[in-house]
Structures are given as structure tokens and as C-alpha cells.
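Q: the following comprises the amino acid sequence and a computationally predicted model.
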Amino acid sequence: MEYSCEPRPGLSGRATGNSGASKWNGAGVMSAEVPGPGQSPKPKHNVDRGPLRQVESVRVHSEKELLKEIEKAAAMLVPETDWSVRMNVLQRVQGLVVGGALDFEAFPGMLRQLKDAIASQLHDRRSAIVRQTCQLLNFLAKELRFAFEPMAEFFIPVSPAFALQAVPFHVFELFS
């Protein structure tokens, strides 16, 4: 059974939220109460591990416009840029694919300009950035299929998740 985690109490000392299934004790620790008859437990919701939101389609009308978008993304995907901006840039790159960037033959080549910038996001301390980067790589692999292979060979040794174990490349072919 899972119980909800209510936000920390405000100045009033009371936990905010709905039915009060969880309460803060005097020591600042939350205690969970069993729901009464006919009540179902609230699902646990962790903002950081919640579902990733869908990206918006980004339409470009020429290869020149697409190249500008890729160059802009590469410039913004640096550790010095605020994490929320980098999150939006990762989603925008995915939005380019949704918007039809695959219609341009030069897109896979342009995408290679982002390899180092994307790889740096895999080492970020903020888990939301790492998750969004993994979602982007997963999406690119599914959409580009065999055109993604050179990038996959680049990212597998970079990712800390893959550094801990040897994963044969044919495993990834099963998921394509």
C-alpha cells in the first residue's frame, strides 16, 4: 500500500493537502495513517520522477533554418546554462524531429554536431536533465533507426549507466 507524501507544513503547522492521510509530527517527520473504510490510498507522486511531458512540434522550412536550430541548441547545451533552459533545448531538439526534421537528408549529419553537447548532459547532477537526455536519445534511436548507429556507438561508452556493465550492441537492435 502506498501513502501520499504531503508538502511540508506552512507557518500554521498543519500539513497542506486533501484528506490529511499523512500528518507532520512535532519533530518534522511525516507519519502515514491508514486510510479509513471506503477510502483508497492516494498514489505517491514524486515531481522529479513523474512522467516526462510531451514535446511540441517545431517546424522548420529549410535546411538553413534547421542548421540554425541545431547550432543554437549546441550553444545552449553547456553546463553554464541554467538547467531549465537546457531542459527546454533538449525538448526542442526532439520537437524538431516531431516537426519533420527527418524530411531533410542532412539532418542526421547536422545532429552529429550535438554529440558532445548531448553527452555532457548525461553527466549532469540533476536527474531531470539526465532523464530528458535519455528520453531524447531513445526517441532519436527509434526515429533515425540505422542512421542513429554512429551516434549510439558514441553514447554507449559515455553514459555512466552503460559504463557499469558490458551491453552487446545487438541488444539495442531488439528495441528498434
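A: That came in fine, so what should we check first?

Q: can you list the domain ranges for the protein.
A: 1-45, 63-174 (automatic domain parsing).

Q: go through those and find the least confident stretch.
A: Ranked by mean pLDDT, the domains of the chain bottom out at domain 1-45, with a mean of 45.

Q: and residue 94, what helix or strand is that in?
A: In this structure, residue 94 sits in helix 83-98 according to DSSP states H and E.

Q: buried ones in that helix?
A: Across helix 83-98, burial judged by 16 or more other Cβ atoms under 10 Å covers 86, 87, 89, 90, 91, 92, 93, 94, 95, 96, 97, 98. (Each C-beta comes from the backbone N, C-alpha and C, glycine too.)

Q: quick one: contacts for the second one?
A: Taking Cβ atoms under 8 Å, 6 or more residues apart in numbering as the criterion, residue 87 is in contact with 128, 129, 132.

Q: and with 6 Å instead?
A: residue 132 (Cβ atoms under 6 Å, 6 or more residues apart in numbering).

Q: so how far is residue 129 from it?
A: 6 Å (Cβ to Cβ, to the nearest Å).

Q: for the last one, same thing?
A: As judged by Cβ to Cβ, residue 98 and residue 129 stand 20 Å apart.

Q: and if you look at residue 71?
A: Separation of residue 71 from residue 129 (Cβ to Cβ) stands at 21 Å.

Q: these two - which one has more neighbours?
A: Higher neighbour count among residue 71 and residue 129: residue 129, with 21 against 13, using other Cβ atoms under 10 Å.

Q: that one against residue 121, yeah?
A: Yes. Counting by Cβ atoms under 6 Å, residue 129 does reach residue 121; the two are 5.4 Å apart.

Q: re the thing from before, adding distance to residue 147, write the buried residues of helix 83-98 out as CSV.
A: Formatted as CSV, the buried residues of helix 83-98 follow (distance: Cβ to Cβ, whole Å):
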residue, distance to residue 147
86, 25
87, 25
89, 22
90, 19
91, 21
92, 20
93, 15
94, 16
95, 19
96, 15
97, 12
98, 17
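
Q: please enumerate the strands of the chain.
A: Ranges of strands in the chain, per DSSP state E, are 22-24, 30-32.

Q: the closest residue to residue 85 other than its chain neighbours: neighbour count?
A: Distance criterion Cβ to Cβ, 6 or more residues apart in numbering; nearest residue to residue 85, sequence neighbours excluded, is residue 76 at 6.2 Å. By the criterion of other Cβ under 10 Å, residue 76 has 17 neighbours.

Q: quick check: residue 76 touching residue 88?
A: No. With contact defined as Cβ under 6 Å, residue 76 and residue 88 do not form a contacting pair (8.6 Å).
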